[in-house]
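Q: okay, predicted coordinates and the sequence, questions at the end:
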Amino acid sequence: MGHAGGLSWQGPGEIGGTAAGKAGGASTGPADDAGGQAQGGAAGSGEETGGTPSPSGGEAGDASLGGAGGNVSSPTQAELEALTIERWNLIADDRPEDEYRFHWEHDRFPHPTFAAYGEAQGYHEFGILLDEFLGTNFDFLALHQQFLTPYYYVTIATSDEDLEETWDSLAGDFSTLSYGAIPSDVQVRLSEYRTAMRAYEP
């Protein structure tokens, strides 16, 4: 499965530019659009902006998110979670039909431990989905500092432990996981996403 259309950059090799862009230098990474500009201004200009719409979701120009299109205050964490879930499901629900369903509901993060019954092929498919989601939504997550935000799968049985994950931990886990034979190019990108995340939220 490839990346969805409308990405902010053209390849994983450019992700390393994120940290440089945040520091104030010219960047070729995902920070070139709304996410990076909100963190450190337009690349190389030192000028802060809330403004240029991003092809990965139009965050900066969306009045509901407090961008250049309006004066609405920043969204609450509950609102951000709802927006993140919606973005995830746009990709997860558009996958080809198979036996695994990675639809996300509140307090039911679709980790393959639960959503795929822990099966190796489920981990394989989830790794590909995670790669596509981060490639499409990196700017949005960076703009709202969501990389270390915990999401949960709250179990029903009292004998089971609830699962807690962040985008940082997921990218780290699935970039090195041998279980599920996740494609090597996917794992390389996940590793680079995690490195870029640390430039925003060390």
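A: Ah, there it is.

Q: that's a helix at G180, yeah?
A: No - applying DSSP: H, G, I helix; E, B strand; the rest coil, one finds G180 to be coil, outside a helix.

Q: just the mean pLDDT for stretch 166-186, thanks.
A: Regarding stretch 166-186, the rounded mean pLDDT is 96.

Q: need the CA coordinates for it. CSV is fine.
A: Below are the C-alpha coordinates for stretch 166-186, written out as CSV (Å, rounded to 0.1, in the frame of the first residue of the first chain):
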residue,chain,number,x,y,z
THR,A,166,1.6,7.2,21.4
TRP,A,167,2.6,7.9,17.8
ASP,A,168,6.2,8.0,19.0
SER,A,169,6.0,4.6,20.6
LEU,A,170,4.1,3.1,17.7
ALA,A,171,6.6,4.4,15.1
GLY,A,172,9.5,3.1,17.3
ASP,A,173,8.0,-0.3,17.9
PHE,A,174,6.9,-1.0,14.3
SER,A,175,10.2,0.3,12.8
THR,A,176,12.1,-2.5,14.5
LEU,A,177,9.5,-5.3,14.9
SER,A,178,10.4,-8.6,13.3
TYR,A,179,7.0,-10.1,13.9
GLY,A,180,4.7,-9.8,10.9
ALA,A,181,7.4,-9.3,8.3
ILE,A,182,6.6,-5.6,7.9
PRO,A,183,8.2,-4.4,4.6
SER,A,184,11.7,-2.9,5.1
ASP,A,185,10.9,0.3,3.3
VAL,A,186,7.9,0.9,5.6
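
Q: which regions of this protein sit below the pLDDT cut-off?
A: 1-72, 98, 156-161 (pLDDT under 70).

Q: and the strands in it, which stretches?
A: In the chain, the strands defined using DSSP state E lie at 151-153, 163-165.

Q: can you map out the helices along this structure?
A: Secondary structure of the chain by DSSP state H: the helices cover 17-23, 34-40, 77-92, 112-115, 120-143, 167-176, 184-200.
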